[in-house]
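> here are the coordinates; sequence isn't available:
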Ligand SMILES: NC(=O)c1ccc[n+]([C@@H]2O[C@H](COP(=O)([O-])OP(=O)(O)OC[C@H]3O[C@@H](n4cnc5c(N)ncnc54)[C@H](O)[C@@H]3O)[C@@H](O)[C@H]2O)c1
Ligand SMILES: [Zn+2]
C-alpha cells in the first residue's frame, strides 16, 4: 500500500489541479459529486479538470451502500473506463469513502484523488486510506485500505458548509489535540470558537493523523488511538440515527463520547481530575449536549459491542493517559460505560452556557 505522503495544502486549488493533471497521464477521468457538492464545490474546480464523466449521487449517509456503488461501477463500465483511468472524489466523507472504494475495486483498482469539501473529510476521512460503505445496519462494514494518489485540501470549501457540519468536524480536531498534542489543546481552549483558524487547524490535524497512520497503516496498534471518544460516541450516534428528533451529527456524538471516555480515563488510566474538568467544560461549551435519558443507556451499551476494535466479548477502548497522550486496547465493561454516561448526564445537567 502507498504511504500517505500525498497531501497538497492548496492556496489556489485550481492551480494545483492543473499542475497535477499536466504531470499525470490517464486515459479517462470520472468525477464523483453529490447534489450539494455538485452545485457548491464542483464549480470551483470544474475548469481545472480535463474532459471528464460527471457522476452525481444523492447526498447523505443513506447513499453509502452497495446500490450506489453499482450505479458508479455501471457508469465506469458503460463509459469504457480502463485500468489507466482516474477517479476524482469531490465531497465529504461519504463521497471519499464510497468513491475511493469503487475506484479501489473497479478492475482490481484504478487511481483516485480526493478533493474533500467538509471539515470532517479534510481532517479525518480523506487521510489514512480507509475506504468503504455501510452494509445492512453496519457502518463501514465492507471496505479496503487504499490511499488516494493525492489529496487536495482547500479551506475555501468551508464557506458554504452548514455551521453545524463545521462544528461537528471540529470534534476530530479536538480529538487529535487530546490524543497527541497537549500544547495545541491548551491553545484552542483559550480561543473562542468563532475566532478559530480552520485552515491552520486543518494542517495541524492532518499532520498528526498522518504521523499516526504512517506508523500503523492498518490499525494493528497505535492507530487505535484515533478512536478516542468513538467507542461510546459511535454507539450514541447509532442509537439516535433513526430518531429524527434526537439525531446527532457524528461530531456531536463524539463530543459526548470524549467526555465519557475522559471520565473512564481517570478510572482506568492516569488522567487527572483537573484535566477531566477542563475537557468536559470545553466540550460542553462547544457542543449543545442534552443528557442521555436513563431508559436509553442500556441499548446504547449494547451497541458498543458492535465496535470493530472489540476482541470477542471484550469492549476495548482508547483512553487518555494525560492530555496529549492516549493509550489503546483498554478493556471497559458495562458498569464502566453506565458510570461514564451518568457522569456526562450530571455535568450536562449542571452546565450553564
Ligand atoms: N475513512 C475514514 O477514515 C473516515 C473517518 C471519519 C469519517 N468517515 C466517514 O465520513 C462520512 C461523514 O463525512 P461527512 O461528515 O463529510 O459527511 P457527508 O459526506 O455526508 O457531508 C455532509 C453534508 O455536507 C454536504 N457538503 C459537503 N461539502 C460541502 C460544502 N463544501 N458546502 C456545503 N455542503 C457540503 C454534503 O452534501 C452532505 O450533505 C461517514 O460516512 C463516515 O463513516 C470516514
Ligand atoms: Zn470520527
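Noted; the coordinates are in hand. Only a predicted model underlies this, so the values are computations on that prediction, with no experimental measurement involved. Ligands and ions are numbered 1, 2, ... in the order given.
> from here on, contacts and neighbour counts on C-alpha atoms
Fine.
> Which elements pack onto the helix or strand bottoming out on mean pLDDT in the chain?
Sorting the helices and strands of the chain by mean pLDDT, DSSP states H and E puts strand 138-145 at the bottom, at a mean of 91. If you count contacts as 3 or more Cα pairs under 8 Å, 6 or more residues apart in numbering; DSSP states H and E, strand 138-145 packs onto helix 93-105, strand 130-135.
> go again using 10 Å as the cut-off
Judged by 3 or more Cα pairs under 10 Å, 6 or more residues apart in numbering; DSSP states H and E, strand 138-145 is in contact with helix 93-105, strand 130-135, helix 230-240.
> Tell me which strands the next helix or strand after it pairs with, and in which orientation.
Of the helices and strands lying after strand 138-145 in sequence (DSSP states H and E), the nearest is strand 150-153. In the sheet, strand 150-153 lines up against strand 7-9 (parallel), strand 111-116 (parallel) (DSSP bridges).
> list the buried ones in the first one?
The one in question is strand 7-9. Residues of strand 7-9 classed as buried under the neighbour-count rule (16 or more other Cα atoms under 10 Å) are residue 7.
> Could you check how far it is from the centre of its chain?
Its chain's average C-alpha position is 17 Å from that of strand 7-9, according to Cα atoms, centre = their mean, to the nearest Å.
> immediately after it, which helix or strand?
Going down the chain from strand 7-9, the next helix or strand is helix 13-23, by DSSP H and E.
> Show me what that next one is in contact with.
Applying Cα atoms under 10 Å, 6 or more residues apart in numbering, the contact partners of helix 13-23 are 8-10, 24, 44-50, 115, 150, 152-156.
> so that helix versus strand 111-116, what angle?
Angle of helix 13-23 versus strand 111-116, following axes from the mean of the first three to the mean of the last three Cα atoms, to 10 degrees, is 170 degrees.
> Centre of the chain to helix 13-23, how far?
Mean-position distance between helix 13-23 and its chain equals 26 Å (Cα atoms, centre = their mean).
> re earlier: name the strands paired with the least confident helix or strand of the chain and say parallel or antiparallel.
Applying DSSP bridges, you get strand 130-135 (antiparallel) as the partners of strand 138-145.
> what about the strand it pairs with, average pLDDT?
Strand 130-135 carries an average pLDDT of 95.
> what's the angle from it to helix 93-105?
On the basis of the same axes, to 10 degrees, strand 130-135 is oriented at 100 degrees to helix 93-105.
> buried stuff in strand 130-135?
130, 131, 132, 133, 134.
> distance of the fourth one from residue 66?
According to Cα to Cα, to the nearest Å, residue 133 and residue 66 sit 7 Å apart.
> Which residues are in contact with each of those two?
With Cα under 10 Å, 6+ apart as the test, residue 133 and residue 66 both reach 98, 102, 142.
> Tell me the buried residues within the residues you listed.
In terms of neighbour count (16+ other Cα under 10 Å), the buried residues within those are 98, 102.
> wait, which of the shared contacts of residue 133 and residue 66 is closest to ligand 1?
Distance to ligand 1 across these (Cα to the nearest ligand atom) is lowest for residue 98, with 8.4 Å.
> Does residue 248 touch residue 254 like I think?
Yes: between residue 248 and residue 254 there is a contact under Cα atoms under 10 Å: 9.5 Å.
> which one of the two has more residues nearby?
Higher neighbour count among residue 248 and residue 254: residue 254, with 29 against 19, using other Cα atoms under 10 Å.
> Run through the helices of the stretch 151-300 of the chain in chain order.
163-180, 182-190, 198-215, 230-240, 250-268, 273-286, 294-304 (DSSP state H, counting those that start in this stretch).
> Could I get these in CSV, plus columns for distance to residue 223 and mean pLDDT?
Below are those laid out as CSV (distance: least, Cα to Cα, whole Å; pLDDT from 0 to 100):
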stretch, distance to residue 223, mean pLDDT
helix 163-180, 11, 98
helix 182-190, 18, 98
helix 198-215, 6, 95
helix 230-240, 13, 94
helix 250-268, 17, 97
helix 273-286, 22, 98
helix 294-304, 19, 93
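> quick one, which of those helices is packed in tightest?
Ranked by mean neighbour count, the helices of the stretch 151-300 of the chain are led by helix 250-268 with a mean of 26 (mean count of other Cα atoms under 10 Å).
> now that one and helix 230-240, what's the angle there?
Per the same axes, to 10 degrees, the angle that helix 250-268 makes with helix 230-240 is 140 degrees.
> quick check: angle from helix 250-268 to helix 163-180?
30 degrees.
> related to what we said a few turns ago, for residue 261, state which of the buried residues of strand 130-135 is nearest.
Nearest to residue 261 out of the buried residues of strand 130-135 is residue 130 (Cα to Cα; 23.7 Å).
> and the gap between the closest residue in space to that closest one that isn't next to it in sequence and ligand 1?
Spatial nearest neighbour of residue 130, excluding adjacent residues (Cα to Cα, 6 or more residues apart in numbering): residue 145 at 4.8 Å. Between residue 145 and ligand 1 the computed distance is 9 Å (Cα to the nearest ligand atom, to the nearest Å).
> got it, and residue 319?
Taking Cα to the nearest ligand atom, one finds residue 319 at 19 Å from ligand 1.
> Right, I'll leave it there.
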